[in-house]
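Q: Below is the structure, and that's it, no one-letter string:
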């Protein structure tokens, strides 16, 4: 069971960040009306608001370098995935560190 959760978590992370880097509008079906995004202290809720935030980001191109993917079952029968890594922007000399928790 644990191995399956890890495989599903990794597959979702690969899919999510591939879309983020190559087709950001295609992320919207992965969110629900109750979904919440906290970005630099700003809390954003709902598919439309999260999509709008992604469209307002000051960069079009980026590359994620994933360091860790920790997956575990949630109490509601889904999966919680914690991701950490670095974000490479073409306009920045150094990588930016990030972490994200995804749940389903």
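A: That came in fine, so what should we check first? Since this is a predicted model, take the numbers as computed values, not measurements.
Q: Pull the number of nearby residues for residue 50.
A: In terms of burial, residue 50 registers 20 neighbours under the definition other C-beta atoms under 10 Å. Placement of C-beta: from N, CA and C, glycine included.
Q: again with residue 84
A: Using other C-beta under 10 Å, the number of residues around residue 84 comes to 14.
Q: Three-state assignment for it, please.
A: Recorded secondary structure, residue 84: strand (DSSP: H, G, I helix; E, B strand; the rest coil).
Q: Could you find the closest non-adjacent residue to residue 70?
A: Distances taken as C-beta to C-beta, 6 or more residues apart in numbering place residue 82 nearest to residue 70, at 4.5 Å, with adjacent residues excluded.
Q: before we move on, what about residue 59?
A: The spatial neighbour of residue 59 that comes closest, neighbours along the chain excluded (C-beta to C-beta, 6+ apart), is residue 89 at 5.2 Å.
Q: Residue 61 is in contact with that neighbour, correct?
A: Yes. With the criterion set as C-beta atoms under 8 Å, residue 89 and residue 61 qualify as a contacting pair; they are 7.5 Å apart.
Q: of these two, who's got more company?
A: residue 89 (16 against 10).
Q: for the more buried one, what are its contacts?
A: For residue 89, the contacting residues are 59, 61, 62, 96, taking C-beta atoms under 8 Å, 6 or more residues apart in numbering as the criterion.
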